[in-house]
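1. Give me a model of this one.
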Amino acid sequence: MGKATISTIAVTAFLACAPAAQAESTQPGPLATNSAVALFAMPVANPDFSTFTPTDTPVRNRIDYEIWDEAMNYLVFRMGKSLRQNPGRPSAGMGSRRIYGHDSRYRLEGNRILFSFLDQEVIATFTEYRQDLERVGTELDIASLSRNEQLAFWINLHNVTVIEQIANAWPVRQPREIEIDGVPMDEAKILSVKGVSMSLKDIRTQIVYRHWRNPKVIYGFWRGDIGGPSIQSEAYTAQNVGRLLDKSARDFVNSLRGTQKRSDRLQVSEIYAEAQPFYFPEWGQDIRAHITTYADEDVLALMQQTSNVEAAISEPDIADMAGGVREPSYSNVTSAGSSVSFRVPQGMARLLSERQTKIERLIREGRTGTVTFENITLPGEEGEAATNEVD
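-> Predicted structure coming up:
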């Protein structure tokens, strides 16, 4: 981030039009390879969260995330789409047997947050912004907004909080190691909206998964690790939430951390297990149908070669550039044969070099670039079809 900081953080509400959609819950069902013992059951609904049930007659307010949008442009380092290939084990640095930085087979997948460049002043602004979001969620009555507006709010609040907590704990190798008052970060009641104490997991399972029928909402929630969906380089808004979720879904489904083949089994990420009671009650059938929606040719072929489905892929390593550690040695970064005026750790320099090689290959093979259409009203369209509402 250099000297760039997030300052004068505030969230404002202003009028905007956005229609609503009906809320609907799904029923629990078995999770396994295809038909064995369930791994997850539908979480018991906490009555405290009923206040966040979306209304049928939303008001036309919009939340402005311009400052967070600007921050994400500084914070997020994009790694590019997956090659679906194991990059192999990296070499140790010169004069050392220790490998610093990322050594995961998924290290070239998923966007990163530049935690190692953040100072305490910047980290404090994350806390300020998170508190502003909580306040806005209380004063505006989030449940009365359009469904897209609500969804963008919950995703942003979740992800801002993850970034804040990891930044406060960094250096840390795996976000799941972080505890708050002895409770894992994901389950700690560190948030409060409308007087309801909630955890990151509560946002996903007590609010969003219960009231949004489309499973693509799964891909909006950043967990802080390499194994989950990517953090996006822009804030979620009512206008872009559908597009960003589709983008994140395509990236994840077609990556090694999303889908793999092991013998005759289709292995998928463990994040689908948490969402199974809500979106995949008939586990094997439903998860295959969902993945097919976003799968490219390679993954479609992989699905044809497998039968049972197993939620077995995970990578808990932190999604940063330095592997969650401070290195004792540094190396200069060069560009066009000239030394740049700052230094980065050797592990980070290696990761950047590996990424550059991957990007060059993607370009050679013509596997870069996407075309998206968003919020285009066509003749004769009305309501949700014209506004990209996420149901």
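
2. Pretty sure Ser192 sits in a helix.
-> No - assessed with DSSP: H, G, I helix; E, B strand; the rest coil, Ser192 is strand; it does not lie in a helix.

3. The residue nearest to it when sequence neighbours are not counted: helix or strand, and which one exactly?
-> With C-beta to C-beta, 6 or more residues apart in numbering as the criterion, Ser192 has its nearest non-adjacent residue at 5.9 Å, and that residue is Glu134. Every residue, glycine included, has its C-beta placed from N, CA and C. According to DSSP states H and E, Glu134 maps onto helix 120-139.

4. Buried residues in that helix, which are they?
-> By neighbour count, with 16 or more other C-beta atoms under 10 Å as the criterion, the buried positions of helix 120-139 are 122-127, 129-134, 136-137.

5. for that helix, packing partners?
-> Secondary-structure packing of helix 120-139 (3 or more C-beta pairs under 8 Å, 6 or more residues apart in numbering; DSSP states H and E): helix 66-75, helix 147-169, strand 191-193.

6. so Val390 touches Leu151, yeah?
-> Yes - applying C-beta atoms under 8 Å as the test, Val390 and Leu151 come out as touching, 5.6 Å apart.

7. Pick out whichever of the two has more residues nearby.
-> Counted by other C-beta atoms under 10 Å, Val390 and Leu151 do not tie: Leu151 has more neighbours, with 27 against 21.

8. And that one, how far from Thr205?
-> 15 Å (C-beta to C-beta, to the nearest Å).

9. same deal with Gly80?
-> 31 Å.

10. Tell me, what's the model's pLDDT at the residue nearest to Ser192?
-> For Glu134, the pLDDT comes out at 98.

11. And for Asn156?
-> At Asn156, pLDDT is 98.

12. I'd like the numbering to begin with 20 instead of 1 from here.
-> Renumbered: residue one is now 20, and that last one reads Asn175.

13. Now do the same contact list for it.
-> 84, 87, 152, 254-255 (C-beta atoms under 8 Å, 6 or more residues apart in numbering).

14. got it, and Arg124?
-> By C-beta under 8 Å, 6+ apart, the neighbours of Arg124 are 105-106, 275.

15. Val344: how many residues sit nearby?
-> Val344 has 18 nearby residues by other C-beta under 10 Å.

16. what about it, which helix or strand?
-> Per DSSP H and E, there is no helix or strand for Val344.

17. wait, doesn't Val227 sit right on Leu170?
-> Yes - counting by C-beta under 8 Å, Val227 does reach Leu170; the two are 6.8 Å apart.

18. overlap in contacts of these two?
-> In contact with both Val227 and Leu170: Val236, using C-beta under 8 Å, 6+ apart.

19. Of the contacts of Arg124, grab the buried ones for PyMOL.
-> Per 16+ other C-beta under 10 Å, the buried members of those correspond to this PyMOL selection:
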select buried, resi 106+275
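
20. Take the contacts of Arg124 and lay them out in a markdown table including secondary structure and pLDDT.
-> Formatted as a markdown table, the contacts of Arg124 follow (DSSP: H, G, I helix; E, B strand; the rest coil; pLDDT from 0 to 100):
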| residue | secondary structure | pLDDT |
| --- | --- | --- |
| Asn105 | coil | 87 |
| Pro106 | coil | 89 |
| Leu275 | coil | 97 |
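
21. and the contacts of Arg124 as JSON lines, adding distance to Asn130?
-> Converted to JSON lines, the contacts of Arg124 look like this (distance: C-beta to C-beta, whole Å):
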{"residue": "Asn105", "distance to Asn130": "20"}
{"residue": "Pro106", "distance to Asn130": "17"}
{"residue": "Leu275", "distance to Asn130": "15"}
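
22. so which of the contacts of Arg124 comes closest to Glu128?
-> Proximity of the contacts of Arg124 to Glu128 (C-beta to C-beta) peaks at Leu275, which lies at 6.4 Å.

23. what's the distance between the residue nearest in space to the middle of the chain and Val212?
-> Of all residues in the chain, the one closest to the mean position by C-alpha atoms, centre = their mean is Trp241, 2.9 Å from it. Counting by C-beta to C-beta, the gap from Trp241 to Val212 is 19 Å.

24. same deal with Asp83?
-> Taking C-beta to C-beta, one finds Asp83 at 18 Å from Val212.

25. who's more crowded, the two?
-> Val212 (22 against 16).

26. which residues touch the nearest residue to that one once chain neighbours are set aside?
-> Taking C-beta to C-beta, 6+ apart, and ignoring the residues beside it in sequence, Val212 has Gly156 as its nearest neighbour in space, at 4.1 Å. Residues in contact with Gly156 (C-beta under 8 Å, 6+ apart) are 172, 176, 212-213.

27. one step back: quickly compare the helices and strands packed on helix 139-158 and say which is most buried.
-> Most buried of those by mean neighbour count (mean count of other C-beta atoms under 10 Å) is helix 166-188; its value is a mean of 24.

28. how about the helices of the stretch 170-319 of the chain, start to end?
-> 219-221, 228-230, 260-272, 290-298, 302-313, 316-323 (DSSP state H, counting those that start in this stretch).

29. From the contact counts, what lies against the second one?
-> Spelled out, that is helix 228-230. helix 290-298.

30. One more: the fourth one?
-> Here helix 290-298 touches helix 228-230, helix 302-313, strand 328-332, going by 3+ C-beta pairs under 8 Å, 6+ apart.
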